[in-house]
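In: please work out how this folds:
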Amino acid sequence: MKHEICTDFVWQGREDKEDGEKGLRWHQVVNRENSQPGCHLVGFSCDLGVKANKGRIGATAGPDAIRAALANYAWHSDKALHDTGNIVTLDSLEESQRSYASQIGQALKQNHFVVGLGGGHEIAWGSYLGLWDAVKAHSSKRIGIVNFDAHFDLRKPSPIASSGTPFRQIAEHCRAQQVDFNYACLGVAKTANTPALFEYALQTQTRYLLDEQCSMSQARECLSPMLRDIDYLYVTVCLDAFPGYIAPGVSAPSSLGISTQFVVDCIRWLASSQQDFDYQWQLADIAEMNPQHDIDGRTAKLAARLVFEMEQAKYS
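Out: Next up, the predicted model:
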């Protein structure tokens, strides 16, 4: 078994030196000397969960594909941009999730806005554990999760965990810790979830919208009651929530999917609602980026745009 933080990736892109400090791009500001809290990237280079879930493997290369797409984006923030590289695993999903969770927890305790780059959606269990570690000592530790996904990912480990089990693992953790399981899944495809999963969603009071129901009015109605009852928000975007022609580079492409604009509008609304509902949004991740099956970088560009929108929404 081997775990390591890899920092040998290369951020590179266009440079507009004639524009000075107002002409910078992401690759020019990442890891520059800046001690203030800011956007903190952590890669999860793993798709053991995808393999266990019988999906298309290849998401181990996802984090660097997202970085490559981000590198040339214009930088519009005055905050810091940190990147600690990737958690890399060879054979143990549980250990890699815990190593990743440790990195997430450390960054959250330093008051960064943390964005995980996946990797399979097994990243969600690690993300949650990192957030739990960061807030468990607080008297108020009610965590809410908003997942944009075609799948509930509430499967029972059979016999091991996978990319399809993270939110069931979180539900069981919440039960063991005697805290509420506050989970909402937007974009659920009836074609991709069995009646057993809908029944478990009902048992756990999971809030959800079907892919055909995803509008901002429906999202506000679905999410507002949960947002009023939480202290910390974790947002996760599974790229298979989008139509297959927009996001072909995923484990299981969608036939219908939800619109990019809907997700962007939700991200902006969730960021702007922190004061209204009195919660903190400090953690997000992008899951299922699989460059092996991408076409013309479409999925990587989409993932990068979502990271861009998250950073902008958080600090606007």
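In: how about the strands of the stretch 201-316 of the chain, start to end?
Out: For the stretch 201-316 of the chain, the strands defined by DSSP state E, counting those that start in this stretch cover 207-210, 232-238, 280-287.
In: and of the ones you listed, who's closest to Cys266?
Out: Minimum separation from Cys266 across the strands of the stretch 201-316 of the chain (CB to CB) falls at strand 232-238, 8.5 Å. For glycine as for every other residue, the C-beta is placed from the backbone atoms N, C-alpha and C.
In: mind listing what's buried in stretch 223-235?
Out: Going by neighbour count (16 or more other CB atoms under 10 Å), the buried part of stretch 223-235 is 223, 226-227, 230, 232-235.
In: and it, how far out from the chain's middle?
Out: 16 Å (CA atoms, centre = their mean, to the nearest Å).
In: any idea where the helices of the stretch 151-300 of the chain begin and end?
Out: In the stretch 151-300 of the chain, the segments counted as helices under DSSP state H, counting those that start in this stretch are 166-177, 195-203, 216-228, 260-272, 274-277, 298-315.
In: on that earlier part again, of the strands of the stretch 201-316 of the chain, which is nearest Glu172?
Out: strand 232-238 (16.7 Å).
In: parallel or antiparallel, list what pairs with the closest one.
Out: Each strand that pairs with strand 232-238, with its direction, by DSSP bridges: strand 143-148 (parallel), strand 280-287 (parallel).
In: neighbouring contacts of it?
Out: Contacts with strand 232-238, where a contact means CB atoms under 8 Å, 6 or more residues apart in numbering, come from 121, 123-124, 127-128, 131, 135, 141-151, 153, 227, 250, 263, 267, 270, 274, 279-288, 306, 310.
In: hmm, try it at 7 Å
Out: With contact meaning CB atoms under 7 Å, 6 or more residues apart in numbering, strand 232-238 is reached by 121, 124, 127-128, 131, 135, 143-149, 263, 267, 270, 279-288, 306.
In: that strand vs helix 166-177, what angle?
Out: Between the axes of strand 232-238 and helix 166-177, defined by axes from the mean of the first three to the mean of the last three CA atoms, to 10 degrees, the angle is 160 degrees.
In: still on that earlier bit, kindly reformat the strands of the stretch 201-316 of the chain as JSON lines containing distance to Ala184 and mean pLDDT.
Out: Output for the strands of the stretch 201-316 of the chain, formatted as JSON lines (distance: least, CB to CB, whole Å; pLDDT from 0 to 100):
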{"stretch": "strand 207-210", "distance to Ala184": "4", "mean pLDDT": "98"}
{"stretch": "strand 232-238", "distance to Ala184": "10", "mean pLDDT": "98"}
{"stretch": "strand 280-287", "distance to Ala184": "14", "mean pLDDT": "98"}
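In: save the ones you listed as a markdown table, and put in distance to Asp16 too.
Out: Formatted as a markdown table, the strands of the stretch 201-316 of the chain follow (distance: least, CB to CB, whole Å):
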| stretch | distance to Asp16 |
| --- | --- |
| strand 207-210 | 41 |
| strand 232-238 | 30 |
| strand 280-287 | 27 |
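In: quick check: the residue lying closest to Val50 once chain neighbours are set aside vs Gln97, distance?
Out: Nearest residue to Val50 in three dimensions, chain neighbours excluded: Gly120, at 4.0 Å (CB to CB, 6 or more residues apart in numbering). Distance of Gly120 to Gln97, given as CB to CB, to the nearest Å: 10 Å.
In: when the two are compared, which one has more neighbours?
Out: Neighbour count, other CB atoms under 10 Å: between Gly120 and Gln97, Gly120 has more, with 33 against 28.
In: which of the contacts of strand 232-238 count as buried?
Out: Buried, going by 16+ other CB under 10 Å: 121, 124, 127-128, 131, 135, 143-149, 263, 267, 270, 279, 281-288, 306, out of the contacts of strand 232-238.
In: for beta bridges, what are the partners of Phe44?
Out: With DSSP bridges as the criterion, Phe44 is bridged to Ile87, Gly118.
In: ok, now which ones touch it?
Out: For Phe44, the contacting residues are 63, 87, 100, 116-119, 123, 126, by CB under 7 Å, 6+ apart.
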